[in-house]
Each structure stands twice: as C-alpha cells, then as structure tokens.
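J.: Here is my input; please provide its structure:
(chains A, B, C, D and E, ligands or ions: 4)
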Amino acid sequence: MNNTNSMFARAMPLLLGALFVIGLVAPFAVYPTFLMKILCFGLFACAFNLLLGFVGLLSFGHAAFLGTAGYICGMLVRDAGVTPEVGIVGGTLAAGALGWVFGVLAIRRTGIYFAMITLALSQMVYFIVLQWKATGGEDGLQGVPRGHLFGVIDLSNNLAMYYLVFAVFCIGFAIIYRTIHSPFGQILKAIRENEPRAISLGYDVAKFKLLAFVLSASLAGLAGATKTLVFQLASLTDVHWHMSGEVVLMTLLGGLGTILGPLVGAATIVSLQSELADTVGSWVTVIMGVIFVICVLLFRRGIVGELQALIQRAGIR
Amino acid sequence: MTSAFHPHPEMLRIHDLHAFYGESHILHGIDLQVARGECVTLLGRNGSGRSTTLKSILGLVGRRSGSIMVNGKEAIAEPTHRMARYGVGYVPEERAIFASLSCEENLLLPPQVASGGMSLDEIYRMFPNLLERRHSPGTKLSGGEQQMLAMARVLRTGAKLLLLDEITEGLAPVIVKKLGEIIVELKSRGFTIVLVEQNFRFAAPLADRHYVLEHGEIIATISADELPGRMDWLHQTLGV
Amino acid sequence: QISGNTVKIGVLTDMSGTYSDVAGPGTVIATQMAIDDFIAEAKPAFKVEMVSADHQNKADIASNKAREWFEREGVDTATELVTTSTALAVMKIGKEMNKVVLMNGPASTPITNEQCNDVSVHYTYDTYALANGTAKAVTQQGGKTWFFLTADYAFGQALEKDSSAVVVANGGKVLGSVRHPFPASDFSSFLLQAQASGAQIIGLANAGADTTNAIKQAAEFGVTPKQQLAGLLMFISDVHSLGLKNAQTMYLTTGFYWDLDDETRAWSKRFFDKHKRMPTMVQAGQYSSILHYLRAINAIGTDDTAKVMAQMKKTPIKDFFAKNGRIREDGRMVHDMYLAQVKTPEESKGPWDYYHIRATIPAEEAFQPLSESRCPLVKK
Amino acid sequence: MEIFGVPSALLGSQLLVGLINGSFYAVLSLGLAIIFGLLNIINFAHGAQYMMGAFVAWIALTKFGVNYWVALLLSPLIIGAVGVVLERTMLRKLYKLDHLYGLLLTFGLALIFEGLFRDQYGISGQSYPVPDLLQGGVNLGFMFLPIYRGWVVVAALTVCFGTWFIIEKTKLGAYLRAGTENPQIVQALGINVPLLITFTYGFGVALAAFAGVLAAPIYQVSPLMGSNLIIVVFAVVVIGGMGSIMGSILTGLGLGLIEGLTRVFYPEASAVVVFVIMVLVLLVRPAGLFGKA
Amino acid sequence: MSEFILETNGLTKEFKGFVAVSNVDLKVQRGHIHALIGPNGAGKTTVFNLLTKFLPPTSGSILFEGQDITREAPVVTARRGMVRSFQISATFPNLTVLENVRIGLQRTLGTEFHFWRSKKSLDVLNGRAMELLESVDLAGFADTVTVEMPYGRKRALEIATTLALDPKMMLLDEPTQGMGSEDIARVVELIRKVSANRTILMVEHNLSVVANLCDRITVLTRGSILAEGPYAEVSKNPKVLEAYVGSDDINDAHH
Ligand SMILES: Nc1ncnc2c1ncn2[C@@H]1O[C@H](COP(=O)(O)OP(=O)(O)OP(=O)(O)O)[C@@H](O)[C@H]1O
Ligand SMILES: Nc1ncnc2c1ncn2[C@@H]1O[C@H](COP(=O)(O)OP(=O)(O)OP(=O)(O)O)[C@@H](O)[C@H]1O
Ligand SMILES: [Mg+2]
Ligand SMILES: [Mg+2]
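T.: Ligands and ions are numbered 1, 2, ... in the order given. The predicted structure follows:
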C-alpha cells in the first residue's frame, strides 16, 4: 500500500507535466471557449475540493464566491474601466473577503450544520445580487469587455483569452497543490483526523479552518472572475444554489480528495451539459440527479479515485 | 424439548464462530459452551478478540459465520434486536449511555424481554449513586456512574444470559467490590454470565471457567479448579 | 449565395425551466411548422434545417451554445431566447459573428434600447407594450386608482415605473406599491396592504409563478372581485394553469389570441394538434418570425446578414399573427396588440376559451415610440 | 390607531398571516428535525416531497375525484410509503458513511423528483380548489380571514404538538431518541431499530406531504414549489438548532411572525430576514436557539 | 519560584444546583507525580476539566506558576505548558508515527499557517521527533501508519506527542484504563520516565499504579478533599478506606 502510494507520488509530476503540455496544445484541437469553461469550472471544483476533500468541510454555498467575484470583476472591467487582470484580482479579493465573513459565521459548526449555514448565507448573497440595481437583476451583468491584458494583449482573440485562462488555472492549481503539501496542510490533515487532539496540542483549530475557507473562497472567486471575462457576462445562475450543488457533483464525480478529480469531474459535467442540452431537453436535471444518486450509492471514490484504486489493486498483485 | 419448565441446560454454545470487520478477519473459529447458571470469563491481551466475541454473539460485527445456540436454539441468522428476545443482555465496553435520556429514562428504556427484570427500587438499592443522579442527563454522569447505569439497565430487561464487557473499568474499588457481590448473587439466581475482564483479581474468584484468547482463537480453557496450577502460565501469556 | 446551400435555424430556449410553458418545446414545434409551411409554399432551392437546445435559462450556456452553433455548425440564426439574460448574451455573440438573432420570448426593453444592435430583431412583445397597453386601457376605461405589487428586482421595478407613468399620464393615480421578494410564494401580506390601500386596480408587476400565486391568493382573501387585478406580464398559459375561477375579470395585454379570427383559429388548431395546448403569443410569434426570415432569404437569394436584415426590415409583415407589422431600425417589430379581459367560468364556452378582447391597440401606439428610444441606431 | 406609522389593523392581520406561514415552517422543519434526529441525514428532498404531497392531492382530485379530506390522509400515506422505499433501498446503505453522503443523495433525489414532475406537468403549476367546507372567510374586523387559512393553522399546530407529544412523552419517542444516539445498543436491548428508522423517515416525509396538501389550495401546485421554500426551512432549522422538537416548532412559528412583520415595515428585506436572523443567532449562539452545542 | 506549580483556591463547580466540586484547595508540588483519586462521581474529571478550561468554574481561582489562569482560553493554557491527555486514545490515525510527533513539534517553527511553503521545510524537525520516539521506545515504528499499531503503543505515541510540546505539567485522566497488565507496566514505566523535569497530575483507579508511581495523593469525595498525603499515609486513613476501597485492606483494591 505504501509502495503504491509512493508510486503515485512519483508518477504525479510526470502526469501533471503531461497534462500541462496537453493544456498548451488543446485549443488547436478542441473548441477554445469550451475548454475555457472546463478550466474555469475545474478550478472552481478544485477550490471546493480543497475544503471538502482536505479539510472535511462541505460548503453548500460556494456559488456565492464564484458569483460575487464574477460580478465584481465584471463591474470593475465594464463600469470602472480597469484592465482585465485588475478585474480578476479585484473579484478574487472580494470573494476572499466574503469567504472570511462566511467562515467566521460558519466555521464554529461542522458537518451538516456547516453545509446548511453556508447554503443559507449564499442564498442571502443571491437575494442581494438579485435586488441590487448594479447587477442587472435577472438580466445579468451583460456586455463585459474582455479588454487588453496589462493594457497590451487583446483578449477578444479567443486564443489569447485561452492562454490567460490556462495560466490562471495553473496558478490556482499550483496554490492548491502547494497548500495541501505545506506545513499548513499538515495541520489541516491533523485537524481532520482528530480535532480535539489538535486543540490540545495548542492549535487554534478555528483559525486554520478559517484560513482554509478563505483560500478556497478566493480560488473559487478566481475561477468566477475569469469566467466572467470568458463569457463577457455574469448572471444569477452563478450565485444560485444549484451552482453550489453542481460543484459538489463535479467534485464527487471526479473523486473527492484527489488532486485531479475535480478537474475531471468538471470536464465531464460541462461536456455532459452541453451534449444533453441538444438531445434530451428537459431531462437534464433528472440525469444530473441520477448521476448524483449513482455516485453516492455505487461510486463514492469518483472517476479518479476508482482509477487509483484499480491501479493500486493491480500494483499489489 | 426445551420449554419454560424444562429449560435447556446449556445456555450458550458457540461453535466455529468467525467474525469479520469489513475485510479483516477477527475471530477464527471460536468454540465455547456455558451452562445455565455458570459464569465464565474471556481472558486475553488487548485486541485478542474478546469484545468481538461478545459483539458477534449479538450480531454487532460486520459479518459472522458458524453456530450460536442460545438456550438450545440456533441464533446465528437472527438480527440483533431478536437476540435480546432470546434472553441475551449486553453491557458494552463503551457503556453507551443515552445522552438525550435522563438516568432514569435510560433505565426505563429497555423493553422487558423476559420476566424477572428488576424493578427500579431494586436497582436503586443496588446502586445508590444512581438514585441521587436519577434526573441527570445520561452523559452528564461521571464515568463510573455511567458504568453502573449500563449494568443496571441490562438487569432491568430480565435477560438471563449476560454478556458483560469490562464492567469494572473506571470504577472505584468500593464499587468493584459491590459488583462482585452482585454477580455472585446473580449467579445464585440462575443468571448465566460471560465476563470479559482485564481486572483478573476481580474475575478469578467469580468464574467457573476461563477461556484464554489470542488472535481470535481460544488457546486454553482453564476451570476454576485448575486455576492455581496455571497461574504461572497465565502470568507469562497475559502478564497478569 | 447561401452558405452550404442550407439555411440552418437554431432554436435556443428554455425547455424545462420557468419559461418552458410560455416558450420551450412549443416554440420548437412552431419553428418546424414554419419551416414546413415555407418549403411547401416557396419550394426553395436551398435546404432548411433546424437545431434546438435547452439553455436552461443560463446566460453562459446560451452564449456558449450560440457561439458553437455559429462557429462550428453553420447555424445562420439563433432564435427564441426566452429570458432577457440569455437574449442579451446571444445578441452580443450574434453581433460579433455577424449572424441574425430573432427574439420572441424575452421581455425587457433594453434589448431594443441601450443594448440594441443591427443584427437583432425583437419580435413578439416587450414589457413596455404589455404594461403600457394594460395600464393605459384600464385607466381609460375607468380604473383610476392603482396599487402595484412589484417583484423586487430590476425587471419588476421597470415594469412598475413604466406603468405608473402611463397611469398618471392618463389621468389615474398611483396610491402606493409594495415590493415583494422574488420569487415568493405567499402574497397574503402584500395583498392585505394592497387591500388596505383601497385602490381600484392592483397592478401585478411580476411574472410567472409569482403572478399566478398572487392572483389565486387575491381571490382567497376576498381582494377580488372588489378590486380588480391587472397583469402586466401574463400569458395564456398562466391563465390556463390558474383556471378561470381564480383569474376571472382580470385585465392583461397580449400580442396574440387564438380565437381572434378564422386565420388564427386555423393555425392554432394545427398547433394544438401537435402540442396539445393552444399557442402562447411567443409560440405564435416564433412561427411568424421564422417565416418572415425565410421569406426574406428566399426573396433576395442570399443569407448574408446585412442584406437579410435589410430585407426583413423593408418588408411589411402580414400574416395571421401580425396584421400590420414592421421591423423598425431599433430591431423592434411593431404590430397590433390586444387588451384582453379574462372570462368568468360561466362565460367560457369550452377549454381555452379564456379572453374577451376588449380593445385593439394599434401597432404605433402599442410600443415605445422611436422618439423615446435610447438605441444608438435610431437617428434623431 | 397606528404603530410606527402602520395602522394597527394591518399589523394585526400581518401577524395572523405570519402565524399561518409559520405553521408551514413548523411542520416542515419538524419533519426535517425528526429525520435528522434519527437518521442523521439532512433530507434535501424534503421540498420535493412537499411538492409531491401537493401533486398527489391534485392528481387524486382531477383524475380520480378524490376529495380534499381523503387526500389529506392519502397523500401523506402514499408519499410516506415512497419514503419508506427510498429508505429501504438507498438511504440505508449510507448510515455507516459520513453524513454528507445522505445530504448528497437526497439532493440528487430532489433533482430527479422535480425533473420528473416538471417533465410530466410542466412548469406553470396547477390550481387546487379550496374544499367546499372551508370556502369563504370571516371578517375579523381588522381583516378578512379565509376560513381555509384558519384551518391550516389549526391542522398544522395539531400535528406538530401531536408529534411533539409522541416523541417527548411516549416510550416510542424514547426509543427514537435513544436510537438517534446509538442504534446498535438500542438494537441489542431488543428493539427493531431498522424498522424504527424506516418508519421515522416515512413519517418525516409524510409530514412534508401533509404540508404539501395543506398548501395545495393556497399556492399553485407546481414542480418547483418546494425548492425555494426548503432553503428557508433549512435556515429555520439552523436558527432553532437541532436540539429539540419543540425548538423546531417554536422557531418555525416565530420566524413566520417575524417575516410577516418585515413584510409590513420593510418588505424589501422579507426574503433575507430569516437569513439575517440566522447570522445574528449564530453569532450569539452557534448551536442555535434550542440546540445543544 | 513557589514550590507549587499549580494551586487552586476554593475551586467550586455547580451544575444546576448540584455541586460537583466544592471548595477544593489543591496544591501540586513542582516535579511531583500527584494522584487524584476518589469514588465515582467524586468530581475528579470535573476538576480536570476546570484546570484545563474545558469548563468555567463557578467560583474559586486557579494559579499556574503563580499566574492566575482562571479565565484563560484553553489554547492559551495549553501553550503555557499545561497539557492534558484524553481518556480515549488521541492520535492522528492516518498519519505516520513520525508525523504524529511532528504535529506536536510544528508550532515551534511558527510556520503552521504557511500554506505556500513546502512540506519539506518540516524535515528539520525529524531529528527531535526521532529523539522523542526513542524515549518511548517507538523509534522502530517511525514510518508505520498509526492505525496499524497496537493499543498500548498508541498510548505511548500519544505521550510522545504530548512531550513534543515540552509541557511543564501533564494531566493524565485514567492513563491505564482499558489496558492489559503488560501494557499497564509499560505505561507506568513511561510515566516514570517522562516525569523527570516535569510535574504530573493523574486520575487513576488502579491503586497499584498509584502506589507505584505517585509522590502524593489527594482523595476527593463528593466534590471535597477528604485526605491528602503520601500513599503510605493515605492508604491507612480509615475514612479513605471506607469511602473509596470499601474494605479495611488497601491491597484488595489492587488489580
Ligand atoms: N470496528 C472495527 N473495525 C475493524 N477492526 C476492529 C473493529 N473493532 C475491533 N477491531 C479489531 O479487532 C481485533 C479484536 O478487537 P477486540 O475489541 O475484540 O479486542 P479485545 O480483546 O476486546 O481488546 P480490548 O482490550 O482492546 O477491548 C483488534 O485487532 C481490533 O483492532
Ligand atoms: N455537565 C454536568 N452536568 C451535571 N452534572 C455533572 C456534569 N458533569 C459532571 N456532573 C456530575 O458531577 C459529579 C462529578 O463528576 P465527575 O465526572 O467529575 O466524577 P469523577 O470523579 O471523574 O468520577 P469517575 O471516577 O466515575 O469518572 C457526578 O455526580 C456527575 O454526575
Ligand atoms: Mg474489548
Ligand atoms: Mg472521571
């Protein structure tokens, strides 16, 4: 078991390297907007997974961070006329700040309570976004220009935009990867394993969870802000609780607590959604529901988790 | 035939009992018999499978196989809640007092599975501490009080075969002594008792027979008569 | 001259969400009917195909889909687009890729004002037409005092603002309004406030389930029939789901009613046979708009966007849906609208016999005049 | 007379209306609390089950001519039975796992139910008439109270307090509470816990369906009628804390009242007032008003 | 410096009218192994909870090294060097044994919030961690995942992890509970070993362990101190024999 684990550890850099190269050439093979969508949702799911998979906290309100960052970025770029990178940073910071507020309120409870509190708080954000004039209400925040990166590179070119999104994804992913394998990550793991013991060793558990929550929220925001630039709009669906449910589904389907699972899950769901939109019409929700049920009942390790288990079993034999 | 008038002389007979938690195989074919009114102990090191033996009698393990005859009837296929109806009472290692119920509600909770369950008065006479704390929520009791409550709770049911797991754990010597007296009395009333104990000094004088477990197997059976002669061996194997 | 010798029409709509009864599968059926009728009538040299997709009311899905259609699948026009957020998103894509966008389901006026462009047509109705028509007609017919029940978001607020202005302009008086959260299910508190105001007319500046629930509860609390309701954005599907008992006597404006004349009855019957429901104005408008578009291409023999748009704007529209319609430079299709009052159960002679048509609002009055337009394309 | 510029008659009527809504919250949060209590599962499908309760009543009426009073009994039974099947076939497999899987499973189920009903009955919703016996209303002087609404309050409170009595004051209730904590040991004491769990879930679901039937004549019976309501009910449950049955009932009623008042004094905030209260309560009492930390 | 590392004055805890701890003046001498014994429900665990701030006292004060810590947060007290062990085994089951100890040491680096730093930066702690493991005879298990260890060893690991904080004072609540005799012997040795340079306060029902280890004993009954002194003295006190042992021979109480 230890052997296969370290086998994974050794294979990981190779795998990541290969994926990086694939990411670089992908837009020449696949429709870039579609890829950008996958990357945005992939980052969103990875950020979510940082919290659920590595801290054990199920947030059912992550849409609030995705959406808030999206709207803030959109307003900054469209109405305040800043350059896209400033918009992205602004959106991310806003999401982080919101994450702090959520965190302070929710972190004292765990498990299902935590899920419900985050859900309720995000619903509050939804109503605020809906009623606030500047967000365009149900019409959404439309017509956000992609602008020029650093005032130089024209992002209305899809390829240029793609590489920006890809870079953003890589940065976000790197932060997550590093966080998991950091001294901080080590304490998080300990807290997850045995919280009272961590307290008795003098760690202020709430602070660790809060930092993890803020990190996760910020990265979700990073994804949301980038997404706004890609689609040039932010809309209510981004802050709706269905989106919070979707990111759970992506993570679960891909593999909870695995490094690559959320990305795989996001890619699967996004492709599925765009495929299903043409073929099954109103059955989309039903199919999503069925996937949820199947994942929970039969397939809890998710795609990547099952693959790992398969390789592990082969390795033992 | 067994009936109320001709009870089966053998209260418990276990044959080739295997138990599993998920993938791990814990018990590897346990055999033991306990006659009505007997008290036997299961001895062994930590992790040798004593608690697991009790749990698998009740069906609280992941999976079990073999044969468990209670009062002459095969019970291996029965779900846990039916075991109680066979007259089996269980005091778990972790006491399992219900926090949302008061001390007294904990005592009132179990259904009477057979006649002869003790009344509240009897219980309170036996454990005066409980009388004093009767309205306290279950988990607000001290460790020892919880232990007494767990024992008392089972006595309420009228179960005649008692599976007791480490009941002296965390009790002050004064109470341990009292428990010893209680067990002697229960025996005299015809209760059958399977005792899992670390406290050998407590268990030794009570038991008719000792089963020694190691890695989920019985490696020795020592009757009360043989005990003095086997003390050295026990010392070596168990560090008693 | 026609790319791939095929005209490909994409229907992007809400197949299962909030607006699926108003638009949804019915618009797909209407589109197919239009295509079939066009082929039968014109026997064109080119092929006509249809694709459809569910945008799930999500702007990003809509914009992604439209982009993909235009870029990869040779789709020439994206149509329907119920909910304004998806419509606005697709309009941007249409402009960017220079493709025609024909909208029937969305309601908001920015589509032909701030956000207007030269590849888009807003065909069936908009909030101005509905609110304006209802408010004006009702006030003129004697409903002088109003109280508004407004969904508390941009759309509801705009609806309230527009209608209030019309009420005042026509000599009426607005006694007050209350903003309710969106979506809401219980309206009793708000209705009690409306009741307490003593207004003759309670204007419902909301839509969909909010409107139907408010109407139902108004009857329950005895608000109606003492006071009358005016639905500022209502469709026949809403009346159908409410039942006449709940909806009776209320006023609303519609762009189409199946039982107007022989033509509308004939077409609606065909539609009903396929869909088992009578058409909403959006579904009828979808048919009309597709036919108009195809005829324009057929007339000029090219699917070049600018030329098609010019041809469509140039040609007056005259069919069972639009008696004297035309597309203005801001993309607004203007046509006659109708003020309807919902029948009482006794008056109704059968299923779907729901409306008395109380007035026809001429095309030029029904829609926001160009003089008030905020669309940059309109030269003043 | 006026209070803060609001006529007292209007205020009185709003309080009454608040109480009516509170009754719905109470029945729904009670069902959630019971299911959570014994199964440790947040029943995300609760809203969908509420919707299905209303739909069953509507279908029974339109297709089979079954009247309201029968439906009030029948619908909870049918939906409760569906709940029993779900518990037996799916939820049961999850008890040993982290609680969040139960939440995710029921979330998936909610999507399926809502999707299926949407596909079958469209989105606009159906009208369910007020039963003849409860037609009309009484003029209370300060307001016109539809008799049906009065009935809702009576029925809901009766069911709530009945349930409270069963759980807090009967032996069955003691089994439930004990089973919540340690099902294995309760089993070992001779109680058929799996059966108890199944029926508890069935009962909680039946409560949702009951609320659905109560709601049918008031709201449009539509596939999404439960999906937004349920989040408010979650907030109610968080505010109350999962500690006690009475807690969830009282919190439900109380929040209905507060929401009613908000609709008079500051209607714009009425959608978020419950969430704002939740935040305030959490700051002061992280475990909720009646919860045990 | 006072000879008493820990002092309580009039420490009292009431639960809804029930006095669980009443007016306890406990003094623990620096460097001692001090036992707290008493019948069930006497209030021992409650005293522990008060000392470590898991419960707020109703009245009375607690002095640790002369400082009043009565109203401090639990984390702060832990950082002062008063650390408690739990009755159930408290390890991080899916970390290796070495990592377990490192969690205890990690706070000294001050990088516990550094999410941008590599985990490798923790390797500097490995030497100290190994020393600690050696001190409890666990060096050979360093790379074992903790779940896979036998019970008694987990106990040892827990103590090693606690030692990583270099506590001035350790509070142990029934450290031998649930252990076989062999493990008991091992833990007793361990406690003796780690008691060098520090103070230990323990609750224990196994009187042979108490007799073996402790310098001083406080007997608690019904929330109040009944007797205090060295084992030899306390074990002859008839009041203690009656209330706690239930016979007049203390040896009956040895396991
Ligand atoms: N729930 C469980 N899952 C997996 N393994 C278990 C479980 N419970 C016990 N075991 C394993 O089964 C073996 C026997 O455990 P058991 O509790 O029967 O031992 P015991 O003899 O009672 O010892 P103890 O003194 O620790 O109570 C141990 O190796 C233990 O690790
Ligand atoms: N939170 C509480 N609420 C009410 N009563 C309590 C609470 N905690 C403890 N008690 C009561 O206070 C008394 C002392 O309890 P404590 O746990 O301190 O005893 P103890 O000396 O540790 O006993 P044991 O040796 O049995 O563990 C007991 O009678 C117990 O029931
Ligand atoms: Mg054991
Ligand atoms: Mg104790």
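J.: and after whichever strand or helix holds residue E:154, which helix or strand comes next?
T.: Taking DSSP states H and E as the definition, residue E:154 sits inside helix E:151-164. Sequence order places strand E:169-173 as the next helix or strand after helix E:151-164, per DSSP H and E.
J.: Quick check: closest non-adjacent residue to whichever residue of chain B sits closest to chain E.
T.: The minimum distance from chain B to chain E, using CB to the nearest CB, falls at residue B:144 (2.5 Å). No exception for glycine: its C-beta is placed from N, CA and C like everyone else's. Nearest non-adjacent residue to residue B:144, counting by CB to CB, 6 or more residues apart in numbering or on different chains: residue E:40, 2.5 Å away.
J.: any idea whether that neighbour is helix, strand or coil?
T.: Under DSSP: H, G, I helix; E, B strand; the rest coil, the three-state class of residue E:40 is coil.
J.: Quick check: which element contains whichever residue of the stretch 51-200 of chain E sits closest to chain B?
T.: Among the residues of the stretch 51-200 of chain E, residue E:182 lies closest to chain B, at 3.3 Å counting by CB to the nearest CB. Element membership for residue E:182, per DSSP H and E: helix E:181-194.
J.: Let me know whether the helix holding residue E:154 sits next to chain A.
T.: Yes: Helix E:151-164 is in contact with chain A by CB under 8 Å from any CB of the partner chain, via E:161-162, E:164.
J.: Tell me where chain C has strands.
T.: Here chain C has its strands, by DSSP state E, at C:6-13, C:47-54, C:77-80, C:100-103, C:120-122, C:145-151, C:173-180, C:201-205, C:228-231, C:251-254, C:326-327, C:333-334, C:337-342, C:355-361.
J.: which helices and strands sit right next to the last one?
T.: Counting by 3 or more CB pairs under 8 Å, 6 or more residues apart in numbering or on different chains; DSSP states H and E, the packing neighbours recorded for strand C:355-361 are helix C:127-140, strand C:251-254, strand C:337-342.
J.: Is the shortest one positioned near chain D?
T.: Right, the one you point to is strand C:251-254. No: if you take CB under 8 Å from any CB as the test, strand C:251-254 misses chain D, and the best it gets is 14.9 Å.
J.: quick one: the strands in chain B?
T.: Using DSSP E, strands in chain B cover B:10-21, B:24-35, B:39-44, B:63-70, B:73-74, B:88-91, B:161-165, B:192-196, B:209-214, B:217-223.
J.: about what we covered before: could you provide the residues of helix E:151-164 next to chain A in TSV, with additional columns for pLDDT and neighbour count?
T.: Output for the residues of helix E:151-164 next to chain A, formatted as TSV (pLDDT from 0 to 100; neighbours: other CB atoms under 10 Å in any protein chain shown):
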residue	pLDDT	neighbour count
E:161	85	28
E:162	83	24
E:164	85	25
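J.: Which of the residues you listed sits closest to ligand 2?
T.: residue E:162 (20.3 Å; CB to the nearest ligand atom).
J.: For that closest one, which non-adjacent residue is spatially closest?
T.: Sequence neighbours aside, residue E:83 is the residue nearest to residue E:162 in space, at 5.4 Å (criterion: CB to CB, 6+ apart).
J.: a strand runs through the one you found, doesn't it?
T.: Yes: looking at residue E:83 with three-state DSSP, it is inside a strand.
J.: interface residues of chain C facing chain A?
T.: Taking CB under 8 Å from any CB as the criterion, chain C approaches chain A at residues C:15-16, C:20, C:25, C:51-61, C:63-65, C:67-68, C:71-72, C:83-85, C:88-89, C:92, C:108, C:110, C:115, C:152-155, C:181-182.
J.: residue contacts, the residue nearest to residue E:41 when sequence neighbours are not counted?
T.: Nearest residue to residue E:41 in three dimensions, chain neighbours excluded: residue B:142, at 4.3 Å (CB to CB, 6+ apart). Taking CB atoms under 8 Å, 6 or more residues apart in numbering or on different chains, we find residue B:142 in contact with E:40-46.
J.: Averaging pLDDT per element, find the lowest-scoring helix or strand in chain B.
T.: One helix or strand of chain B scores below all others by mean pLDDT, DSSP states H and E: helix B:227-238, with a mean of 82.
J.: Stretch A:208-227 vs chain D: in contact?
T.: No: judged by CB under 8 Å from any CB, stretch A:208-227 stays clear of chain D, getting no closer than 13.4 Å.
J.: circling back to that earlier point, sort out which residues of the helix holding residue E:154 are buried, please.
T.: The neighbour-count check on helix E:151-164 (16 or more other CB atoms under 10 Å in any protein chain shown) flags E:152-164 as buried.
J.: likewise stretch D:125-144?
T.: In stretch D:125-144, counting by 16+ other CB under 10 Å, buried: D:125-128, D:130-131, D:134, D:137, D:142-144.
J.: what about the residue of the stretch 51-200 of chain C found nearest chain A, how many residues close to it?
T.: Taking CB to the nearest CB as the measure, the stretch 51-200 of chain C has residue C:154 as its residue closest to chain A, at 3.1 Å. By other CB atoms under 10 Å in any protein chain shown, 22 other residues sit near residue C:154.
J.: Could you do the one 4 residues further on as well?
T.: A total of 21 residues lie near residue C:158 under the criterion other CB under 10 Å.
J.: wait, isn't it in contact with residue C:108?
T.: Yes: here residue C:158 reaches residue C:108: they are 7.3 Å apart, a contact under CB atoms under 8 Å.
J.: where's residue A:108, which helix or strand?
T.: Using DSSP H and E, no helix or strand contains residue A:108.
J.: Look through the stretch 1-150 of chain D and state the residue closest to chain C.
T.: For the stretch 1-150 of chain D, the residue closest to chain C is residue D:124, as judged by CB to the nearest CB, at 3.8 Å.
J.: Contact partners for residue B:193?
T.: Here residue B:193 is in contact with B:38-40, B:161-162, B:164, B:183, B:186-187 (CB under 8 Å, 6+ apart).
J.: likewise residue D:183?
T.: Applying CB under 8 Å, 6+ apart to residue D:183 gives the contacts D:95, D:193, D:197.
J.: Can you give me the distance of it to chain C?
T.: 37 Å (CB to the nearest CB, to the nearest Å).
J.: hang on, the earlier thing: neighbours around the residue nearest to residue B:144, how many?
T.: Other residues within reach of residue E:40, judged by other CB under 10 Å, total 22.
J.: okay but it is in contact with residue B:132, surely?
T.: No: Residue E:40 lies out of contact with residue B:132 (CB under 8 Å); the separation is 11.4 Å.
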